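[1] pasted the sequence and its predicted model underneath.
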Amino acid sequence: MTSVINDKTIPAPRSAVLDDAHVGDIRGALGTIKQDDTAPRQGLSAKFKTLLAIVGPGLIVMVGDNDAGAFNTYGNAGQNYGTQLLWTLLLLIPVLYVNQEMVLRLGAVTGVGHARLILERFGKFWGAFSVIDLFLLNALTLVTEFIGITLAADYLGLPKAASVILAAAIIVASAFTGSFRRFERIAVVLCGASLLLVPLYFMIHPKSSQMAHDFVVPVIPGGSGELATVMLLIISIVGTTVAPWQLFFQQSYVIDKRITPRFMKYEKADLWIGIVIVIVGAAAMMGMTAAAFAGTKEFGNFDDTSGLITGIEAHAGKVAGVLFAIALLDASIIGAFAVSLSTAYAIGDVMGIKHSLHRGVKGAKGFYAVYAGLVAAAAAIVLIPGSPLGLLTQGVQTLAGVLLPSATVFLLLLCNDKQVLGPWVNGPKTNAFTAAVVGVLVSLSIILTASVLFPDISANAILDIMAACGIAGVLAVGYSFTRRRTATKEDPIDRTGRENWRMPPLETLTRPVMSTTRKIGMGALRTYLLIAMVLVVIKIVQVALGN
């Protein structure tokens, strides 16, 4: 692209964008913005039309988060503990926003996917580590989506094999249209269908006053005797609500939609819309299951999602059960969309192959092959008689809990890389909050790993782990504060003109110099991840072999 000034042709700055299909008009589900449309948005109508065109990445990634696993986890909380764990959702709102805001910023400013940035800035080991882990974890997560599809189909009286094959065909065909706009329109319609939970909530009518109280007043139900069980459920809620695949999906989808820094505030609004919907949906699921099972012998005895549907039917009638099953089916398909795409985008980024929904199958064969292959494999596993589906679900939750802290660490490091984000790097408040989140996630990850390795872990052991992590966190903060006080004060960041700043091509950037402290930290993280993953895999194999 070039511009003409005083009869002289001046080439535009070189871009880091890896696929030229990621440059051009924004063709969203609800509107279009021309690439050369740089006029300021004046008036409410113009701003609203711009927002409609931008809406998509934040909405889809958040609604996709309320997938089959979320139905299981939130339903578990509601059936076993009523609405006493609603406060966890309130605490997760800022975590969701900060994490996803950072990746949308990375996507809009760099034009390069999350996996490729990790590869280029931290080396081949961490690049390969992140992509391989994402691939395996997403493949297992896809299996849980198809488990959700089979449970919904079973309740609706549909044949299992036909339902799974049809769902897989819909998931694949929706992406194979060669049109980004058509895919996004299908995804947005499915996101709208997720609002079925709202009328279902009013059909079951849990106590609003009790829900409002439990949403803002933290309570640990069950007393010290159930602390281990409740803590594990809280960790599951965190892992369900903040998953590693979301980071990869949001960044790549923002790039594929061709969103640039000029539209950052609109994309943040899109993200907030998605967060509101996901929190409302999660709260509704917890509230309706709490009301459905209150006073019954099934209260406190959660089994699986199919039991939730049966309980809702018994409480509010057949129509309510059907609506819940349809909502589960819809959520599973949206989750499958997002998880499959996040993997295909990441592999396309790292392997340097064409990876865009703007391209037809012939123009991006590898990208579509990864997408379709994952969906087909997950569907096939679910259809295998005697498949250890419960064991696979356990593996997904555990591995997600182990990998989430490392994903957030890389995200934080990238958002402080001035060569990558320039005037868009994090400010001190964002860094402080994210560092605290990383500390909490590491603590929860360690507890989750320990609980899988030692199923009979005691409440005292969990409290000891939390105390040790807290002490380590205080020491780390103290060291960081002391080091900052003694270090030379850096020049303030110049953020002027940042709406037009884009990351230069990756090959022009110099690899960041790793400080001794960072090398030690990265080495410790690497060691923990490897040991934790090996131990978890060994445990899962032992369970599978019946030992």
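    Nice, thanks for sending it over.

[2] just the residues contacting stretch 177-188, thanks.
    27-30, 55-56, 59-60, 174-175, 256-257, 334, 337, 356-361, 363 (CB atoms under 8 Å, 6 or more residues apart in numbering). (Each C-beta comes from the backbone N, C-alpha and C, glycine too.)

[3] what segments of the stretch 51-200 of the chain are helices?
    Secondary structure of the stretch 51-200 of the chain (DSSP state H, counting those that start in this stretch): helices at 57-63, 68-81, 87-110, 114-122, 124-155, 160-175, 180-193, 197-204.

[4] measure residue 150 to residue 171 for me?
    14 Å (CB to CB, to the nearest Å).

[5] tell me the buried residues in stretch 165-179?
    Going by neighbour count (16 or more other CB atoms under 10 Å), the buried part of stretch 165-179 is 167, 168, 171, 172, 174, 175, 176, 178.

[6] the first one: what's its closest spatial neighbour, skipping adjacent residues?
    Closest residue to residue 167 in three dimensions, ignoring its sequence neighbours and counting by CB to CB, 6 or more residues apart in numbering: residue 149, at 4.9 Å.

[7] so that neighbour makes contact with residue 162?
    No - judged on CB atoms under 8 Å, residue 149 makes no contact with residue 162 at a distance of 11.2 Å.

[8] and those two? Which one has more around it.
    residue 149 (29 against 10; other CB atoms under 10 Å).

[9] from residue 371, how far out is that one?
    As for residue 149, its distance to residue 371 is 17 Å (criterion: CB to CB).

[10] same check on residue 26?
    Counting by CB to CB, the gap from residue 26 to residue 371 is 22 Å.

[11] for these two, indicate the residue with more neighbours.
    Between residue 26 and residue 371, counted using other CB under 10 Å, the more crowded position is residue 371 (25 against 21).

[12] residue 259 and residue 111, how far apart?
    Per CB to CB, residue 259 is found 10 Å from residue 111.

[13] also residue 92?
    The value you get for residue 92 to residue 111, if CB to CB is used, is 29 Å.

[14] more neighbours, the two?
    Each of residue 92 and residue 111 has its neighbours counted (other CB under 10 Å); residue 111 has more, 23 against 19.

[15] quick one, phi psi at the more buried one?
    Backbone torsions of residue 111, given as degrees, to the nearest 10, read phi 70, psi 10.

[16] what are the phi and psi values at the residue most central in space within the chain?
    Of all residues in the chain, the one closest to the mean position by CA atoms, centre = their mean is residue 246, 2.4 Å from it. Dihedral pair for residue 246: phi -60, psi -40, per degrees, to the nearest 10.

[17] wait, it sits on residue 61?
    Yes - shown here, residue 246 and residue 61 form a contact pair, counting by CB under 8 Å, at 5.3 Å.

[18] shared neighbours, these two?
    Joint contacts of residue 246 and residue 61 (CB under 8 Å, 6+ apart) are 100, 338.

[19] pLDDT score for residue 413?
    pLDDT recorded at residue 413 is 89.

[20] wait, a helix at residue 494?
    No - the assignment for residue 494 is coil, going by DSSP: H, G, I helix; E, B strand; the rest coil, so no helix is present there.

[21] nearest residue to it in space, please, no chain neighbours.
    Excluding the flanking residues, the one nearest residue 494 by CB to CB, 6+ apart is residue 423, at 6.3 Å.

[22] show me the contacts for that neighbour.
    Contacts of residue 423 (CB under 8 Å, 6+ apart): 493, 494, 495, 496, 497, 498, 501.

[23] next: residue 148.
    67, 68, 69, 71, 72, 305, 328, 329, 331, 332, 335.

[24] need the contact list for the residue nearest to residue 167.
    Residue 149 sits next to 68, 163, 164, 167, 329, 332, 333, 382 when contact means CB under 8 Å, 6+ apart.

[25] and the pLDDT at the third one?
    This points to residue 164. Listed pLDDT for residue 164 reads 95.

[26] ok, now the fourth one?
    We note a pLDDT of 95 for residue 167 in this prediction.

[27] residues in contact with it?
    Contacts for residue 167 (CB under 8 Å, 6+ apart) come out as 146, 149, 329, 332, 333, 336, 379.
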